Structures are given as structure tokens and as C-alpha cells.
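Colleague: Okay, here's the prediction I keep looking at, along with the sequence it came from:
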Amino acid sequence: MGIREIQTEDITSTIRRLCIEANTILGVDVVEALKKGLEKEESPVGKDIFRQLLENAKIAKEEGIPLCQDTGMVVVFIEMGQDIHIVGGNLNESINEGVRQGYRDGYLRASSLDPLVRKNFGDNTPAIIHVEIVPGDQLKLTVIPKGFGGENMSRVALLTPASGMEGIKEFVLRTVDEAGANPCPPGIVGVGIGGTLEKAAILAKKSLLRPIGQRHSDPGIARLEEEFLEEINRLGVGPQGLGGTVTALDVHIETYPTHIASLPVAVNLQCNCHRHKEAEL
């Protein structure tokens, strides 16, 4: 098999489209999860919130307007086939140009700024880019406009190995409980276990890409996801933090081998506006 060429202009146009679609069209799995949440929720106020969230998603899709005023910082996960050659420019620059065009043409809020002087760059660049090299000659692009209600309440901890499963569970539940209304529940709780400090955080964020309701392929981890979801929903935080029986729509867990001396755990909270879109070139 020869090397397949992919033009940077095609990457730019795809990222532009994904930025706009992700911010205006809620995924089918999320809409269905909100409908199920409406059925499960016992609080009258919580039920009303679910109805408003569903109406919001309908209006955003029909009118092509943002699902939320916080159109996020763009995170891009790339699966790059090893038989690909990017031509016509720089990969990172082509992605950032796509973000620039998408946020301009979609009339989306620009939120990226210098962390110290707090000056806004005005175009929501640069994106946070994660690249994974995989077999084949395909390029998969996944865009997540990550709002910072959930991001600000996300946490990473380097637990001791003796903390074990109980320590992991206690950390996850405490993170969700202390977050309260800030991440705009009900949302998705992404959990990364293992690796290093930064690997655990990336695992937690990448876990959010799995469709709601799709369990981990490992039966033990799948059972753990269901157990965590049940216990999180017993916290009583509820929709928008106003109390209720549905605090999370789902829990996704991903793991990676780690060092004998540590137990890294990350929790990445995602709001009810669970936005992400993907495409393959």
C-alpha cells in the first residue's frame, strides 16, 4: 500500500464544518439520553429543566444557533493513519485555520485568551490538539467544543496504590458532589484511571467521545461504570444542581497501565450540552 496524500485545505474545511455543527446540533445519543432522563427524574423542577433542555436543542438545530453561549475551547482528537502524508501546509495550522473560520462563520463566541495578561485572541484559537498514530491511510477528526463550566470543576489526583477501588470511587463522587451546579448537570462524567498525570486527564476527556449508553468492552469496567452512575445519581445534585434523581446521564471510564508507586485518577466533567462531531478523510 502506498502513501495517501491529504490536503491541508480539506482538513481546514472539515474542521470549520465540525466546529459549527458541534455547537448547533446535539447528538442523537444525547437527545435520547435527555428524553430518558425526563422519564427517570422524580423532581417536578428537574422534569421541567429536562423539557427546556430538549426544547433548547430543537431550537438550536432548527435555527442554526449555538446550543450554549459558552461555545467552548476547541479540543481536537486526531487518529492519523501511518500511511498518510499531509500536503499543502502544516497540520496544526490547518486545524487552527478551520477553528478560526468556523467560529467566525458560525457567529460563535471566541473565548481563548492569554492566561496571564487575559487578552482575548478574538478567533478562539489555538485549539488543543491530541494526535494518535494508527494503522491505515485514514484521518479521523473529532471536535469537542469544551465549555468551562465542567472543565473548571474537573480534577486530577495521584492517589496511592493502597487507595484502591474505594479511593477511586470516593474521589469521583466527591468531585461530582463538590462541583454541584457549576458543570450544568445532568452531564457525562468521564473518568481516566492509570498512566501518568497528563495521561489520566486525556483518558478522561477522550472517554466522553463514546456514545452515551455504550459500555466499556471490558465487563468489569462496564460494571464499574454502572455502579458509579448509580451512586452519582444518589448524590441528589440533580438537574442544574437544583436537586433531583438524575445528576449524570452516564459515566465513561477508560484505563491505562501505570507505575507500581501510583494510582492516577482524573475526572473530566461534561455539561448537558455534550457537543462533539467527527469526520473521516
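Modeller: Right, received. Where do you want to start? Residues are numbered from 1 along each chain as shown.

Colleague: Check the offset of the helix or strand hosting Lys58 from the chain's centre.
Modeller: Assigned by DSSP states H and E, Lys58 belongs to helix 44-63. Offset of helix 44-63 from its chain centre (Cα atoms, centre = their mean, to the nearest Å): 20 Å.

Colleague: for stretch 82-99, same thing?
Modeller: With Cα atoms, centre = their mean as the basis, the mean position of stretch 82-99 lies at 23 Å from the chain mean.

Colleague: May I see the buried residues of that stretch?
Modeller: Residues of stretch 82-99 classed as buried by neighbour count (16 or more other Cβ atoms under 10 Å): 84, 86, 91, 94-99. The C-beta positions use only the backbone N, C-alpha and C, and glycine is treated the same way.

Colleague: Could you tell me how far Glu42 is located from Pro161?
Modeller: Counting by Cβ to Cβ, to the nearest Å, the separation of Glu42 from Pro161 is 39 Å.

Colleague: now could you export just the CA positions of stretch 30-45 as CSV?
Modeller: Only the C-alpha atoms of stretch 30-45 are listed here, as CSV (Å, rounded to 0.1, in the frame of the first residue of the first chain):
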residue,chain,number,x,y,z
VAL,A,30,-27.5,12.9,23.9
VAL,A,31,-31.1,13.8,22.9
GLU,A,32,-32.2,10.3,23.6
ALA,A,33,-30.4,10.4,27.0
LEU,A,34,-32.2,13.6,27.9
LYS,A,35,-35.5,12.0,27.0
LYS,A,36,-34.8,9.0,29.2
GLY,A,37,-33.7,11.4,32.0
LEU,A,38,-37.0,13.2,31.7
GLU,A,39,-38.7,9.9,32.4
LYS,A,40,-36.5,8.9,35.3
GLU,A,41,-36.4,12.3,37.0
GLU,A,42,-38.7,12.5,40.0
SER,A,43,-38.4,16.1,40.8
PRO,A,44,-41.0,18.4,39.1
VAL,A,45,-38.4,21.2,38.8
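
Colleague: which residues in the stretch 51-200 of the chain form strands?
Modeller: Counting by DSSP state E, counting those that start in this stretch, the stretch 51-200 of the chain has these strands, from start to end: 73-81, 84-87, 128-134, 139-146, 155-159, 187-195.

Colleague: can you list contacts of the third one?
Modeller: With Cβ atoms under 8 Å, 6 or more residues apart in numbering as the test, strand 128-134 has contacts from 73-82, 91-92, 95, 202, 206.

Colleague: what about that strand, average pLDDT?
Modeller: Here strand 128-134 scores 97 as its mean pLDDT.

Colleague: Now do it against strand 139-146: the angle between them, please.
Modeller: Per axes from the mean of the first three to the mean of the last three Cα atoms, to 10 degrees, the angle that strand 128-134 makes with strand 139-146 is 150 degrees.

Colleague: next one: the first one
Modeller: In this structure, strand 73-81 runs at an angle of 160 degrees to strand 139-146, with the same axes, to 10 degrees as the basis.

Colleague: contact partners of strand 73-81?
Modeller: With Cβ under 8 Å, 6+ apart, strand 73-81 has contacts from 4, 15, 19, 95, 99, 111-112, 124-125, 127-146, 148, 151, 205-206, 209.

Colleague: Strand partners (parallel or antiparallel) of that strand?
Modeller: strand 128-134 (parallel), strand 139-146 (antiparallel) (DSSP bridges).

Colleague: Report the rounded mean pLDDT for it.
Modeller: 98.

Colleague: Please, where are all the helices along the stretch 101-250 of the chain?
Modeller: 148-152, 164-179, 197-207, 219-233 (DSSP state H, counting those that start in this stretch).
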